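*Asks:* fold the following.
(one chain, ligands or ions: 2)
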Amino acid sequence: MRPYRSVLYIPAARERALEKARELPADAIIFDLEDAVAADEKDNARALLAGVLATADYGTRAKIVRINGLDTPWGREDAAAFRGAKVDAILIPKVGSPADVDAVAALIPDVPLWAMMETPAGILNAAAIAAHPRLAGMVMGTNDLAKELGTRFRPDREPMVASLGLCLLAARAFGRIVIDGVYNAFKDDDGLRAECRQGRDMGFDGKTVIHPAQIPVANEEFAPSEAEIELARRQIEAFDAAQRAGQGVAVVDGKIVENLHAVTARQILSRASAIAERAI
Ligand SMILES: CC(C)(COP(=O)(O)OP(=O)(O)OC[C@H]1O[C@@H](n2cnc3c(N)ncnc32)[C@H](O)[C@@H]1OP(=O)(O)O)[C@@H](O)C(=O)NCCC(=O)NCCSC(=O)C[C@H](O)C(=O)O
Ligand SMILES: [Mg+2]
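*Replies:* Ligands and ions are numbered 1, 2, ... in the order given. Below is the predicted model of the structure:
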């Protein structure tokens, strides 16, 4: 189980940021060739990134390259440049249907694919996209989605909740990783923390972030807390003891613990140990 608490976007044209990310505590990095790179920088950014990824060591951080769409002047060259690259995934922007995944899959046969969920059609087709056999992960693109829907920013994200929920359902139905969207106000830690908590409580695996200062908040909020770990241990102990006594239900802190709760508790402990290993 690999942690994806914090997934950092880096504009691929920013050499200093590419270098700095090697020391940052992000669980994963999205090397962005798409919206964070200006049109006249696209070719330079692609060449710079290909060189960096061939030589630089990003440790245990998952390496994900966001290419441009195949309907842009740069998408096919991006796909050709990263076909066979030693990266963990290729992220396809603005996926509207499984056909968009098919098109990239045909050009890149050997790397897991992830989908940006950020268009109304993509959200409506979320289950079919998640079901694609080459798909491993989904990332919410809440900026593009807000633009397409005409949604206003609200701290509670109420207008966005239906789209977030549909993608989460789709990802979980097919066992895919699913990461929440970015929080644009990168100096507002309290706002970020509130949004992380909302995404975590919904069930997202982590949050995409745009600035190094956002990483510790996402890491903290998407990790099981000490109290959750301690409760999980006690639930497993109580449930195992109940089973040994021939019973299917235990009670911990006045609440029932059945097999399904014990499964969740074991998942919490697995996540905690994956995070602990990641920190080494
Ligand atoms: C937002 C930024 C433009 C701010 O950059 P800057 O002014 O350089 O910030 P700082 O001076 O505070 O930077 C301090 C140091 O940190 C490094 N840095 C900054 N950002 C990053 C980063 N993303 N990764 C790694 N390192 C970073 C600086 O180089 C400084 O280092 P040092 O020299 O040692 O002091 C900038 O943060 C930025 O460009 N962020 C990424 C923006 C981005 O990727 N946007 C696209 C994705 S968001 C999106 O649209 C998702 C989706 O598609 C949707 O639709 O929602
Ligand atoms: Mg976008």
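
*Asks:* going forward, measure contacts and count neighbours with C-alpha atoms only.
*Replies:* Noted.

*Asks:* and the pLDDT for the residue most central in space within the chain?
*Replies:* Centroid-nearest residue in the chain: residue 179, 3.0 Å away (criterion: Cα atoms, centre = their mean). Residue 179 carries a pLDDT value of 99.

*Asks:* next up, phi/psi of it, please.
*Replies:* phi -120, psi 140 (degrees, to the nearest 10).

*Asks:* with residue 177 instead?
*Replies:* According to degrees, to the nearest 10, residue 177 has phi -70, psi 140.

*Asks:* wait, what's in contact with it?
*Replies:* By Cα atoms under 8 Å, 6 or more residues apart in numbering, the residues touching residue 177 are 136-138, 171, 205.

*Asks:* most neighbours, which of the residues you listed?
*Replies:* Compared across the contacts of residue 177, residue 138 has the highest neighbour count, 26 neighbours, by other Cα atoms under 10 Å.

*Asks:* which residues does it bridge with?
*Replies:* residue 115, residue 178 (DSSP bridges).

*Asks:* where does it land on pLDDT?
*Replies:* 99.

*Asks:* correct me, but it touches residue 116?
*Replies:* Yes - Residue 138 lies in contact with residue 116 (Cα atoms under 8 Å); the separation is 5.9 Å.

*Asks:* residues in the stretch 101-250 of the chain within reach of ligand 2, list them.
*Replies:* Residues of the stretch 101-250 of the chain lying close to ligand 2 (Cα under 5 Å from the ion) are 141, 144.

*Asks:* which residue ranges form the helices in this protein?
*Replies:* 15-20, 42-55, 75-82, 98-107, 120-124, 126-130, 142-149, 161-173, 189-202, 215-221, 226-244, 259-278 (DSSP state H).
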